[in-house]
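Chemist: Sequence and predicted structure below; questions after.
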Amino acid sequence: MSTSQPLPVSTSTTFLGDLLSQARGLNTHLARPDLPQIQFGLDEVENQSRKLVNKQRGEVDSRAHYLLASGGLNASELAQKIGGVNANLAATFEPLQPLHDNDVEGYLRHEHEQIIVSAIEEGRRETLNDFYTTLSSNMQRDWERRKRAIFDELGQHANASPDALGESSFGRSTRSRTAAAEALPSAPSTLAMHTRMMAYDGVVKRLNEYRLQGYNFGLVSTFHDATRQLAQTDQRAAGTLECWALLQHTLRERAVIGGEFQRAALKEREYAGAYLRSEQESEEARGLRRSWAEGAREFLEEQFTKHVEKLIMQYPAQAEVGGVPSIHNKIRGYINIKYRKGGQWSDPKLEIIGGQPLWATLFLLLRSGHPHEALELAAQSEDALPRPEREFVPYFKAWLDSPDRRLPKQLRDRFLATYNTRIRFAAEGGSIDPYKHALYKLIGRAELSRRNLPIVTQTTEDWLWLQLALVRESAPGEDPPAEQFGLRELAALLVRFGANHFDPKGNAPVKYFKVLLLSGQYERAIAFLYNTSQHQVDSVQFAVALAYYGLLRVPEKSQTSEIELLTLDASGQPALDFARILHRYTRLFARSDPYEALQYLYLICLSADAPPPIGEQQVALCHAYIKDLVLETRAYAQLLGDIKQDGSKVPGAIERDLKLIRLRDEREYLLNIVKAAAARAESEKRVSDAILLYNLADEYDTVVAVLNRELGASLAQPASAHVQPPPMPQGSLAATDDIVALARSILDHYVRTARIAHRVSQRNRETCAVLLRLKEAMATYEEGALEAALSIIEEVNLLPLDGELVTIKRKAEEFKDVDEPIARNFSDILLVTMNILYKIYVLLKESPYGDASRQNKLAQIRAKARAVHVFAGMLKFRISGDVFQQINRLDVMMT
């Protein structure tokens, strides 16, 4: 290696001189002959600059002061403030102690401090920006959720637009179910959704038929069969198919064909006692959770077995299963595909015993749900195991023989000692077969605080299976606190993880829904799936199935939320507003399919056996929603029934299904449903509906009273006098909105029907007849038939037109007994009568004939007008003052 030689001194000096001359020549093109050149060093330049600055501060043009002063600014004060700001800035960004030019360490220290200050400021600014961004995002998300809930609560108000509805009999909408699906605010409108809704409707109708007959119904299996048919063409249905299979395992619904149990059947509300009415620590509740965990584990084991078989079919050459498709050979083939590459084992940690990775095979046999095959293989391989490992087989056998997979205390203590001395430290060092570690942990439930084995549990399903295998529902005090890990603890862990942990992209909501079902969090699962737009319809069906078996906790009325469907009850347990979910769902298609909507509303009463007062509240809520359905759809004949002209009663759907809504007999039905709906219709001024509903409720006297009030309210409205009531359809007694025709038909029917006539008061019948005659008189008067109108009024005998003072006084005294519908219109009746008399008088007065009969007629008309005037004077304080003035004026004009 050559070394560099130092340059001679003369050469160095020449080099620096040339550099200096070149530097001086850089600005020669800027030189001006009229300006002197500066030949100062750096120190002199700095001193001259400071002097120049001080000089400029003192030499401020006085004209600037006058200019600023004219604008209201104090130049001196402003200069002081600017100077103060400059001083503060200098103190902020400059070092407290002056730095010399050669103080490199001080300069670096100052720069380091400034970088730290800048980083802190930048971090603060980013934190504020992130805070406001997150706040805005949360507010927007909360608003969208609340807006969707409000629209749902309003009942899809867009459905009621005139353009969207086609009216048929009873005002029933003729929209199709597809149009109802389009109104769903958060779900896409597709033919597939319509098909799904129709398929699910059929299942719910069959369920209610079986319930009416007192038979048990395999609801989950029937939903599973319906979804399997839909999955052939609908990908979304395919996503929920596994969830129905999961419920079949966890709820133990087995051997069901066409909805009928072939062996032991599950009853309606099978699990309500253990889930809703038992204490959480009771043996019944713990047994239910234990059954859930076992069922969920069995589902995951069956799912894994299918995965193994599918993988073997994809890679048969690598699997090398052979001619006997036993589960042992299948697992061996799966291990070959996963770990055997080119005739060699790809993972050096696997212990090969007897030519096979024994620990992996044993674990995967357990994972696929074949513990007896695993025990048989372990026994066959016992002699091939190393001597320290041979004691594993007796432990393994004792663990499998235990009904709750629990080693006896003495064996467990020895097993844990072995685990702590040999397995634990080897696992921490990474020098042990991971499947061997998993088996020891599983059998001894060792280190429950460290339940994650990433090498063995590479998928969500594997991890969940391991957690469920470690779950144990122990009695209080049976296990030490460090070993207490049951289904509730697993559920709490999964809730802390949240949906984003299992579905980071948010495009597979069924995955987290399945996780919640596996851990028995049914209320949270339904609420989560309902909030996903593409699976709202499916979530309702899952809620129905769970409610049928008594596995949905519903909240007390005081604890319900106007926005959220999921709330916490008094004990902190999640509760789902099942009734509101059904109500929102049925409003999508209630107008087009009221009978199908009714079938869903029946299911609210499934919670009637909930602890009081929740059960009673759910029944009342069901009745209220049914009344809403009846009034909104007006499908009275279909839902409530009808009365034919011959008096025979045709029962409606609700009356045939009283058992489903917890009504004992027809009397309760008429009181709680029909009569209550009629009262509401009357309060909403839906007179025709109220009349029909009161008629169905056998409240015949109330029907006539409502007719009287409506006739009285419409007495002064124009109407045709000679329109005959339309022929009544065979299926309905009250299918017209013409109040006069309706009143005539109903009154005639009541009078002709003996069983009804005695239930209508004489007073109401007479009032109705008077109002009908008055209505006819008003219509006749509008048509110009004055004599006919006057004749009708005289026939009514409401006014003293004979002119006798005694009669006038008697009629005035009888006025206090006149019914309110007539008394309210008395001013109009008097005025119309007086106008009729005046117009007849004018016609007679202007007649060219002057015979005696005309004079007698004029005298009669004047006498009747005088009687009306005197009668009105006696009722002066009971009629309108304006009307009395007009009557007085007309009387004067006829004198």
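Modeler: That came in fine, so what should we check first?

Chemist: residue contacts, the nearest residue to Val703 once chain neighbours are set aside?
Modeler: Nearest in space to Val703, with sequence neighbours left out and distances taken as Cβ to Cβ, 6 or more residues apart in numbering, is Tyr694 at 4.6 Å. Backbone N, C-alpha and C define where each C-beta goes, glycine included. By Cβ atoms under 8 Å, 6 or more residues apart in numbering, the contact list for Tyr694 reads 675, 678, 682, 700, 702-703, 706.

Chemist: Residues in contact with the strand or helix carrying Gln467: which ones?
Modeler: Per DSSP states H and E, Gln467 falls inside helix 460-470. Helix 460-470 has contacts (Cβ under 8 Å, 6+ apart) with 293, 296-297, 300-301, 303-304, 366-367, 405, 438, 442, 445, 448, 451-453, 456-457, 485, 490, 493, 502, 511, 515, 518.

Chemist: now do stretch 236-247
Modeler: 192, 196, 220, 223-224, 227-228, 230-231, 253, 296, 299, 303, 508, 510, 513-514, 517-518, 534-535, 538, 542, 545-546.

Chemist: re earlier: okay, the residue nearest to Val703 and Ile643: tell me how far apart.
Modeler: 11 Å (Cβ to Cβ, to the nearest Å).

Chemist: Grab the longest helix from this structure for me.
Modeler: In the chain, ranked by residue count with DSSP state H as the criterion, the top helix is helix 104-153.

Chemist: Rounded mean pLDDT for that one, please.
Modeler: The average pLDDT within helix 104-153 is 79.

Chemist: again, but for stretch 310-328
Modeler: 89.

Chemist: ditto for stretch 659-678
Modeler: The model assigns stretch 659-678 a mean pLDDT of 89.

Chemist: In the host helix or strand of Met193, which residues are buried?
Modeler: Met193 is part of helix 191-213, with elements assigned from DSSP H and E. For helix 191-213, burial by neighbour count (16 or more other Cβ atoms under 10 Å) applies to 192-197, 199-201, 203-204, 206-208, 210-211.

Chemist: for stretch 349-356, same thing?
Modeler: Buried, per 16+ other Cβ under 10 Å, within stretch 349-356: 349-351, 353, 356.

Chemist: Give me the distance from the helix or strand hosting Ala867 to the chain's centre.
Modeler: In the assignment (DSSP H and E), Ala867 maps to helix 852-874. Distance of helix 852-874 from its chain centroid, counting by Cα atoms, centre = their mean, to the nearest Å, is 72 Å.

Chemist: can you check stretch 129-148 too?
Modeler: 19 Å.

Chemist: got the CA positions of it in CSV?
Modeler: C-alpha atoms of stretch 129-148 as CSV (Å, rounded to 0.1, in the frame of the first residue of the first chain):
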residue,chain,number,x,y,z
ASN,A,129,-55.2,17.5,14.2
ASP,A,130,-55.7,13.8,15.0
PHE,A,131,-58.0,14.6,17.9
TYR,A,132,-60.2,16.8,15.8
THR,A,133,-60.2,14.3,12.9
THR,A,134,-61.2,11.5,15.2
LEU,A,135,-63.9,13.7,16.9
SER,A,136,-65.3,14.6,13.5
SER,A,137,-65.3,10.9,12.3
ASN,A,138,-67.0,9.7,15.5
MET,A,139,-69.6,12.4,15.3
GLN,A,140,-70.3,11.6,11.7
ARG,A,141,-70.5,7.9,12.5
ASP,A,142,-72.8,8.5,15.5
TRP,A,143,-75.0,10.8,13.4
GLU,A,144,-75.3,8.2,10.6
ARG,A,145,-76.3,5.5,13.2
ARG,A,146,-78.8,7.8,14.8
LYS,A,147,-80.2,9.0,11.5
ARG,A,148,-80.7,5.4,10.4
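
Chemist: pLDDT value on His29, please?
Modeler: For His29, pLDDT reads 59.

Chemist: Which entries within the contacts of helix 460-470 meet the buried criterion?
Modeler: 293, 296-297, 300-301, 303-304, 366-367, 405, 438, 442, 445, 451, 453, 456-457, 485, 490, 502, 515, 518.

Chemist: Show only the entries of the residues you listed found in helices.
Modeler: 293, 296-297, 300-301, 303-304, 366-367, 438, 442, 490, 502, 515, 518.

Chemist: Can you show me the CA trace of the helix or strand containing Ser745 as PDB?
Modeler: Assigning secondary structure by DSSP H and E places Ser745 in helix 739-752. Extracted C-alpha coordinates of helix 739-752, given in PDB (Å, rounded to 0.1, in the frame of the first residue of the first chain):
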ATOM      1  CA  ILE A 739    -121.200   8.500   5.700                       C
ATOM      2  CA  VAL A 740    -124.900   8.800   4.800                       C
ATOM      3  CA  ALA A 741    -125.000   5.600   2.900                       C
ATOM      4  CA  LEU A 742    -123.000   3.900   5.600                       C
ATOM      5  CA  ALA A 743    -125.400   5.100   8.400                       C
ATOM      6  CA  ARG A 744    -128.500   4.100   6.500                       C
ATOM      7  CA  SER A 745    -127.100   0.600   5.700                       C
ATOM      8  CA  ILE A 746    -126.000   0.000   9.300                       C
ATOM      9  CA  LEU A 747    -129.200   1.300  10.900                       C
ATOM     10  CA  ASP A 748    -131.300  -0.800   8.600                       C
ATOM     11  CA  HIS A 749    -129.200  -3.900   9.300                       C
ATOM     12  CA  TYR A 750    -129.400  -3.300  13.000                       C
ATOM     13  CA  VAL A 751    -133.100  -2.800  13.000                       C
ATOM     14  CA  ARG A 752    -133.600  -6.000  10.900                       C
END
